[in-house]
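>>> build me a structure from this.
(2 chains)
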Protein chains: 2
Amino acid sequence: MSERLVVIGADAAGMSAASQARRLQGPDELEIVAFERGRFTSYSACGIPYWVGGDVDSRDALIARTPEEHRERSIDLRMRTEVTEIDVPGRRVRARDLESGEEYWTAYDKLVIATGALPVRPELPGIDAPGVHGVQTLEDGEALLDTLRHTRGERAVVVGAGYIGVEMAEALANRGYRVTVVNRGAQPMATLDPDMGALVGEAMTGLGMEMVNDAEVTKILTGEDGRVRAVATDDAEYAADVVILGIGVRPNTGLARNAGLPLGEHGGLLTDLAMRVRDPRAEGAIWAGGDCVEVLDLVSGRERHIALGTHANKHGQIIGSGVGGDYGTFPGVVGTAVSKVCDLEIARTGLREKDAQAAGLQYVTATIESTSRAGYFPGAALMTVKMLAERRTGRLLGVQIVGREGAAKRVDVAAVALTAGLTVTQLTTLDLGYAPPFSPVWDPVLVAARKAVTAVRRAG
Amino acid sequence: MSERLVVIGADAAGMSAASQARRLQGPDELEIVAFERGRFTSYSACGIPYWVGGDVDSRDALIARTPEEHRERSIDLRMRTEVTEIDVPGRRVRARDLESGEEYWTAYDKLVIATGALPVRPELPGIDAPGVHGVQTLEDGEALLDTLRHTRGERAVVVGAGYIGVEMAEALANRGYRVTVVNRGAQPMATLDPDMGALVGEAMTGLGMEMVNDAEVTKILTGEDGRVRAVATDDAEYAADVVILGIGVRPNTGLARNAGLPLGEHGGLLTDLAMRVRDPRAEGAIWAGGDCVEVLDLVSGRERHIALGTHANKHGQIIGSGVGGDYGTFPGVVGTAVSKVCDLEIARTGLREKDAQAAGLQYVTATIESTSRAGYFPGAALMTVKMLAERRTGRLLGVQIVGREGAAKRVDVAAVALTAGLTVTQLTTLDLGYAPPFSPVWDPVLVAARKAVTAVRRAG
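Numbers count the residues shown, from 1 in each chain, chains lettered A, B, ... in the order given. Model (predicted):
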């Protein structure tokens, strides 16, 4: 007798899970029903800023797999259909067709919750005015591009200076807008330490963007036509023909919360290593992954919420294996993230200083400047590398890199080293690729490690 | 009472050692005498192809530190002076001033042997003809550039298709030469498996270079003026206005051999983990590093000879620490190397198939194609990744990458994973940096790891 899998949310995690389960079990063994309240499946939300900015020329380029392609693999995909309730003891979900309004209950043997994240949207006067846009979904991207095409304007305000904020600042600058970034923190990129964030701020100012730090948006001002005309803080007003909200996201777990499923301190679903929801009532038949779950940070030992497509895809792969009777686990993350603003590359992995403090770790820091290639080689670009190491043990705790071409992906070396628990002394002798077009004879990560070794010794 | 350190060879390993020792101990504690038979110190031999090719515009750009700069740090540097004998029991070396012919013995308390490597130079008729050049030293580079400047010519033959060979092929193509590469192996880049080397060969042919594989050079033919005019193999002759010998190097250890110091099967000096020569007569007072030593391959457990500036610098750093009374070790290498031919990037780390066989390891392979950035992002470039994993355990054994921009340095992830002994299953969940301008949502290394996991399971 065949089993029935229900998937809630048909983006990266959900459809990776469905696809992997389908690879392992054919339609005779496993019926798959997937619900998606939006109009798109399996797309790269991370690509939206580049589509808005013009690097990517069409919406469809961001879509890895269409609803039709999923259906060809015998997945019963129900678009524009929202799951409104999960009945855990009854092993069924209630769905509502958003077009017809029809509601119905449908049973599952196995359930995958992949409801993603929702943008943080502060309750500000004017926030719903035309010209104010989020950029989380393809629908958001379409609406923003529609505004950009049909509105004569030259001033853009981006609220928030995290990854989405800085990427959207680049996108709008590429579109010819004069960009102001209004940021609550003392420096942009709060995912970096302030000293490293300051480098990003300087570079953005150098790119002609106006950076407003330590500023809380209090309202969105509109003109006589009802459209946005400015963003106000306590201190000032910033004229805006378009406003982008890039304040961050939170797990979309209202459904899970109402079903009594366990949420963590960041509001994300809590799972075991096989991505099964930690609830005895689920009896191992409910999985969750992607932007709606919390993940274990392997360095701090704490749960975190990280909305990132690469994790969502891995979760989906592992969930699909579990659903299909195979085996896999997601051990956790080390917090790696890379981004760019025009030609400035930004990367981090592991703990910032305040993360280390919160985790009870004593640490030293080392910051160095080096180049992406041998200093004498054309195109050698400066980068700053900051490294955190645990006091006494010298264990690597984190790395942050800000620089030009060739800077960001160097953080991967540190990501692997964090996963393996290497010390900074071990880092200094790593056999990294060297040739003048690719690296100085001491790779910048190794230069930072050498300085960190000295700092660990001095700290005693 | 101060001690006396003698350093033989004043390039990367020797002068890194001298400089680090000097950092730890001032001239009152440690007298440092360094002998160098050439005219230059501390230069980047790896940069020579780019100087010849015109990417780097001057010889001096390749010199990290001049003799004068070393002398300013109280190092008694004796240039154009060759050490001709080491008297281990007597703790002294004999030196000959190559200008004056004067010979003398000088005592040491501590000795560093950093005599480097010598190019392999087959005993072929005509090999000493004008127009035939090696490219190992700055002097070699100067002589070659002199030939290129003063000889009208359009055809270059490069003998050997390893790193130096392919880099010199690029350099001469950049100089406008029609380049023929004559290669003993079935494919270029014998440091890769043949299937990956074939990709390099195809790309070089696509760049307009003539690739002659499976060909042994039998003689160098000269014209009436005595200059080179062609390179002959058993089967054919290849017209040449200039010939580059890029056949490889061997440890320069005649001096050490004559002194009875222990050499390994590749002819390099054998040291312990602190880079001290493994000879009880040395009583821990003789160190060796750089291109004249063998290093432990951490994956195969065997000694190898690898002439590479990045190792030489690390050795020097560790030797200098030991000499100066501090502590450090060089645990070994995993065999990482990166290179390029024009826009083709080539990288490897760990074991090739034949290395795994020789080490007694059973393995599986997985080869995949992926891109350097998200497929939809401008500039996304193809790369091929081949991965070797141990049968049963799934331990990563090696990675080879051939591709375009952004391919080569991805090998560093595998280098760290090899150092840490990770399995390919562990690789699949590595938290590597992801954003569309930097990587597909599954980094190419992870895609290869996923396929390798399947291969390990199938092999049983």
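>>> now do the helices in chain A.
For chain A, applying DSSP state H gives helices covering A:12-24, A:48-53, A:67-72, A:138-150, A:163-174, A:194-206, A:254-258, A:309-323, A:353-358, A:411-420, A:424-428, A:444-459.
>>> using CSV, lay out those helices together with distance to chain B, mean neighbour count and mean pLDDT.
For glycine as for every other residue, the C-beta is placed from the backbone atoms N, C-alpha and C. Below are these laid out as CSV (distance: least, Cβ to the nearest Cβ, whole Å; neighbours: other Cβ atoms under 10 Å in any protein chain shown; pLDDT from 0 to 100):
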stretch, distance to chain B, mean neighbour count, mean pLDDT
helix A:12-24, 7, 26, 98
helix A:48-53, 6, 25, 96
helix A:67-72, 15, 15, 97
helix A:138-150, 13, 16, 95
helix A:163-174, 8, 25, 96
helix A:194-206, 14, 19, 97
helix A:254-258, 24, 16, 98
helix A:309-323, 4, 26, 98
helix A:353-358, 15, 16, 98
helix A:411-420, 3, 26, 98
helix A:424-428, 8, 23, 98
helix A:444-459, 8, 21, 98
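>>> show me the contacts for the residue in the stretch 1-150 of chain A positioned nearest to chain B.
Proximity of the stretch 1-150 of chain A to chain B (Cβ to the nearest Cβ) peaks at A:A61, 3.9 Å away. Contact analysis of A:A61 by Cβ atoms under 8 Å, 6 or more residues apart in numbering or on different chains lists A:47, A:51, B:376.
>>> A:D97 now?
Counting by Cβ under 8 Å, 6+ apart, A:D97 has contacts A:78, A:80-81, A:103.
>>> at 7 Å instead, please
A:80-81 (Cβ atoms under 7 Å, 6 or more residues apart in numbering or on different chains).
>>> nearest residue to the residue nearest the centre of chain A in space, please, no chain neighbours.
Nearest to the mean C-alpha position of chain A, by Cα atoms, centre = their mean, lies A:L308 at 3.1 Å. Distances taken as Cβ to Cβ, 6 or more residues apart in numbering or on different chains place B:Y434 nearest to A:L308, at 6.5 Å, with adjacent residues excluded.
>>> about what we covered before: what's the closest of the contacts of A:A61 to A:V402?
A:G47 (22.7 Å; Cβ to Cβ).
>>> quick one: the strands in the stretch 201-350 of chain A?
For the stretch 201-350 of chain A, the strands defined by DSSP state E, counting those that start in this stretch cover A:210-212, A:217-222, A:228-233, A:237-239, A:242-245, A:249-251, A:286-288, A:295-296, A:303-304, A:337-341, A:344-350.
>>> dump the C-alpha coordinates for the third one into CSV.
So that's strand A:228-233. Coordinates of each C-alpha in strand A:228-233 appear next as CSV, following Å, rounded to 0.1, in the frame of the first residue of the first chain:
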residue,chain,number,x,y,z
VAL,A,228,6.0,57.4,-0.8
ARG,A,229,8.0,60.7,-0.8
ALA,A,230,10.4,60.3,2.1
VAL,A,231,11.6,58.2,5.0
ALA,A,232,11.7,59.9,8.4
THR,A,233,13.9,59.1,11.4
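>>> in its sheet, which strands sit next to that strand, and in what direction?
strand A:217-222 (antiparallel), strand A:237-239 (antiparallel) (DSSP bridges).
>>> tell me, how many residues neighbour A:D241?
Around A:D241 there are 21 other residues, counting by other Cβ atoms under 10 Å in any protein chain shown.
>>> list the contacts of it.
A:131, A:151, A:153-156.
>>> now the two most distant members of those residues.
The most widely separated members of the contacts of A:D241 are A:G131 and A:E154, with 13.1 Å between them, by Cβ to Cβ.
>>> in the stretch 201-350 of chain A, where is pLDDT below threshold?
Nowhere does the stretch 201-350 of chain A drop to pLDDT under 70.
>>> can you list the residues of it near chain B?
A:308-310, A:313-314, A:330-331, A:333-334, A:336-340, A:347 (Cβ under 7 Å from any Cβ of the partner chain).
>>> centre of the chain to stretch A:272-282, how far?
23 Å (Cα atoms, centre = their mean, to the nearest Å).
>>> buried set for that stretch?
Neighbour counts over stretch A:272-282 (16 or more other Cβ atoms under 10 Å in any protein chain shown) mark A:275-277, A:279, A:282 as buried.
>>> could those be laid out in TSV, adding distance to B:I32?
Output for the buried residues of stretch A:272-282, formatted as TSV (distance: Cβ to Cβ, whole Å):
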residue	distance to B:I32
A:M275	60
A:R276	64
A:V277	66
A:D279	69
A:A282	70
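>>> kindly indicate which of these lies nearest chain B.
Distances from chain B to the buried residues of stretch A:272-282, taken by Cβ to the nearest Cβ, are shortest for A:M275, at 11.3 Å.
>>> so where's the stretch 51-200 of chain A uncertain?
Ranges of the stretch 51-200 of chain A meeting pLDDT under 70: none found.
>>> that one: strands as residue ranges?
Going by DSSP E, counting those that start in this stretch, the stretch 51-200 of chain A shows strands at A:76-79, A:81-87, A:92-97, A:103-107, A:110-113, A:117-119, A:132-133, A:155-159, A:178-182.
>>> dump the ones you listed to CSV, plus distance to A:L221.
Shown next, in CSV, are those (distance: least, Cβ to Cβ, whole Å):
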stretch, distance to A:L221
strand A:76-79, 37
strand A:81-87, 34
strand A:92-97, 37
strand A:103-107, 40
strand A:110-113, 39
strand A:117-119, 21
strand A:132-133, 11
strand A:155-159, 11
strand A:178-182, 13
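>>> and the strands of the stretch 201-350 of chain A: which comes nearest A:G9?
strand A:286-288 (9.8 Å).
>>> contact partners for the nearest residue to A:Y327 once chain neighbours are set aside?
Spatial nearest neighbour of A:Y327, excluding adjacent residues (Cβ to Cβ, 6+ apart): A:S321 at 6.4 Å. A:S321 makes contacts with A:20, A:327-328, as judged by Cβ under 7 Å, 6+ apart.
>>> give me that answer again for 10 Å
For A:S321, the contact set (Cβ atoms under 10 Å, 6 or more residues apart in numbering or on different chains) comprises A:17, A:20-21, A:23-24, A:274-275, A:327-329.
>>> I'd say A:R227 and A:V132 touch.
Yes. Checked against Cβ atoms under 10 Å, the pair A:R227 and A:V132 is within contact range at 9.1 Å.
>>> list residues touching both of these two?
By Cβ under 10 Å, 6+ apart, the residues touching both A:R227 and A:V132 are A:147, A:240, A:242.
>>> from A:V135, how far off is the first one?
This means A:T147. 12 Å (Cβ to Cβ, to the nearest Å).
>>> before we move on, what about A:E85?
In terms of Cβ to Cβ, A:E85 sits 29 Å off from A:V135.
>>> who has more neighbours, these two?
Per other Cβ under 10 Å, whichever of A:E85 and A:V135 has more neighbours is A:V135, with 24 against 14.
>>> excluding its backbone neighbours, what's nearest the more buried one?
A:I48 (5.2 Å).
>>> wouldn't that neighbour be in contact with A:Y163 here?
No. In this structure, A:I48 is not within contact of A:Y163 by Cβ under 10 Å, at 11.6 Å.
>>> just the buried residues of stretch A:371-391, please?
For stretch A:371-391, a neighbour-count test (16+ other Cβ under 10 Å) marks A:371-374, A:376-377, A:380, A:383-391 as buried.
>>> and chain B, which of those residues reach it?
The residues of the buried residues of stretch A:371-391 that also fall near chain B, by Cβ under 10 Å from any Cβ of the partner chain, are A:372, A:374, A:376-377.
>>> now render the helices of chain A as TSV, adding distance to B:R250.
Listed next are the helices of chain A as TSV, based on distance: least, Cβ to Cβ, whole Å:
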stretch	distance to B:R250
helix A:12-24	51
helix A:48-53	50
helix A:67-72	57
helix A:138-150	60
helix A:163-174	51
helix A:194-206	46
helix A:254-258	66
helix A:309-323	45
helix A:353-358	48
helix A:411-420	31
helix A:424-428	28
helix A:444-459	28
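>>> list the residues that contact A:L62.
The contact partners of A:L62, by Cβ under 10 Å, 6+ apart, come to A:40, A:42-48, A:50-51, A:56, A:138, A:141, B:374, B:376, B:436.
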